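Peer 1: Next comes the sequence, and after it the predicted model I'd like to discuss.
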Amino acid sequence: MSFQPTFPTEPPPQWTSVSDQMLRLAIEKLPSSLQSPYILRAQDRSHRGIDISLNTVGTRIRRARHFLKTILEAECASQHEHKNDDFYQDNPHEDKSS
């Protein structure tokens, strides 16, 4: 019998479990200069229809991903807080500080 060490695992970031609807709403919040390249990339379509260089497309996709991550993390944190608030309203004797 061999020893298999176990390592603590961290839960995945909250933004990785967003719904399709949350993602669509976040994409709508992107500036149009980032939204178009991101949508084209997500649909595996060519950037040639938006008449910008390939390097610019790559930069805008990277910026769009950063914005989306920020938006979705904030949304997930907000939902998590609301769930906790609902729990404490339903269980008033629970300690909120722990």
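Peer 2: Happy to help now that I have it.
Peer 1: For the one helix or strand residue 74 maps to, what is the distance to the chain centroid?
Peer 2: Here residue 74 is covered by helix 54-90, with elements defined by DSSP states H and E. For helix 54-90, the separation from the chain centroid amounts to 4 Å (computed by Cα atoms, centre = their mean, to the nearest Å).
Peer 1: Can you point out the buried residues in that helix?
Peer 2: By 16 or more other Cβ atoms under 10 Å, the buried positions in helix 54-90 come out as 57, 60-61, 63-64, 67-68, 71-72, 75-76. From N, CA and C alone the C-beta is placed, and that goes for glycine too.
Peer 1: a markdown table for these, including pLDDT?
Peer 2: Listed next are the buried residues of helix 54-90 as a markdown table, based on pLDDT from 0 to 100:
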| residue | pLDDT |
| --- | --- |
| 57 | 91 |
| 60 | 95 |
| 61 | 95 |
| 63 | 97 |
| 64 | 96 |
| 67 | 95 |
| 68 | 93 |
| 71 | 90 |
| 72 | 89 |
| 75 | 85 |
| 76 | 84 |
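Peer 1: Switch those residues over to CSV; also include distance to residue 12.
Peer 2: CSV is the format used below for the buried residues of helix 54-90 (distance: Cβ to Cβ, whole Å):
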residue, distance to residue 12
57, 29
60, 26
61, 22
63, 23
64, 21
67, 20
68, 16
71, 18
72, 13
75, 16
76, 11
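Peer 1: Mind giving me the packing neighbours of the strand or helix carrying residue 21?
Peer 2: In the assignment (DSSP H and E), residue 21 maps to helix 20-29. Helix 20-29 sits against helix 32-42, helix 54-90, with contacts defined as 3 or more Cβ pairs under 8 Å, 6 or more residues apart in numbering; DSSP states H and E.
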